[in-house]
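*Asks:* Coordinates for the following, if possible.
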Amino acid sequence: TMNNLNEEPLIAGGKEPATLKYIVLRNITTQQLKQLDVQVLIGALSANEILDLIDDKNVRRFKGNEKKATGQTQQDILSTCQNTPELFSLLNGGITITGSACKVDNENKRIVIYNPSIINGSQTRGVLKVFRETSDINIELKTEFIVSPDQDLIDEIAVARNVQDKVQD
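*Replies:* Presented below is the predicted three-dimensional model:
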């Protein structure tokens, strides 16, 4: 079954919609969010599904380079990939992807997200790309989808999700 779309949405900015296979996907949209024309879905995806997604709305893009995990955070993420890949979705906060609309095909376990952007999790996605260069171990990734046609709201969410207080070691 498909939901949330009666017709193909406009592809703003020429971005191609992303079709992602999921392992599990649940719609957790509340009545209050529906009234705001927002949909929230939570799922688990194979990390391979998100490696090529753009992060143009992310206020904190990947800070390493494409071939190496450079900072401490990246090294910690990479260590989890290498040493305990089965715990990755528990030890990592996952990623958040926004879009202007989506279609869910439960029969084939696919979600099509229009105007997709990773707004949180660019460090994770960058390290997973580095890890994929040397390993084909499947990593399961916790993923949140926030869908709204309101671009100002998406921008506000992107900023709010990336403000962090420093935590003492």
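
*Asks:* Run a quick check on Ala47 versus Ile137, I expect a contact.
*Replies:* No: counting by CB atoms under 8 Å, Ala47 stays clear of Ile137, with 9.4 Å between them. Yep, even glycine has a C-beta here, placed from its N, CA and C like the rest.

*Asks:* higher neighbour count, the two?
*Replies:* It is Ala47, of Ala47 and Ile137, that has more neighbours when counted by other CB atoms under 10 Å, with 25 against 13.

*Asks:* how close does that one get to Ile157?
*Replies:* 23 Å (CB to CB, to the nearest Å).

*Asks:* One more: Ile28?
*Replies:* 15 Å.

*Asks:* neighbour-wise, which of those two wins?
*Replies:* With neighbours defined as other CB under 10 Å, Ile28 and Ile157 compare such that Ile157 has more, 19 against 10.

*Asks:* Surely the more buried one is in contact with Glu144?
*Replies:* No: Ile157 lies out of contact with Glu144 (CB under 8 Å); the separation is 10.5 Å.

*Asks:* Okay, now the unreliable bits of the protein?
*Replies:* Applying pLDDT under 70 to the chain flags the ranges 1-14, 55-70, 163-169.

*Asks:* same thing but at 80, please
*Replies:* The chain contains residues with pLDDT under 80 at 1-15, 54-71, 162-169.

*Asks:* all strands of it, in order?
*Replies:* In the chain, strands defined by DSSP state E lie at 18-21, 24-27, 39-46, 95-99, 101-105, 110-114, 117-120, 140-147, listed in chain order.

*Asks:* neighbours around Asn22, how many?
*Replies:* Wrong residue type there; residue 22 is Tyr, not Asn. By other CB under 10 Å, 21 other residues sit near Tyr22.

*Asks:* who touches it in this structure?
*Replies:* Tyr22 makes contact with Gly43, Ala44, Leu45, Glu49, Lys109, Arg110, Ile111, Thr143, according to CB atoms under 8 Å, 6 or more residues apart in numbering.

*Asks:* ok, and for stretch 87-98, which residues are buried?
*Replies:* Buried positions in stretch 87-98, judged by neighbour count with 16 or more other CB atoms under 10 Å: Phe88, Ser89, Asn92, Gly94, Ile95, Thr96, Ile97, Thr98.
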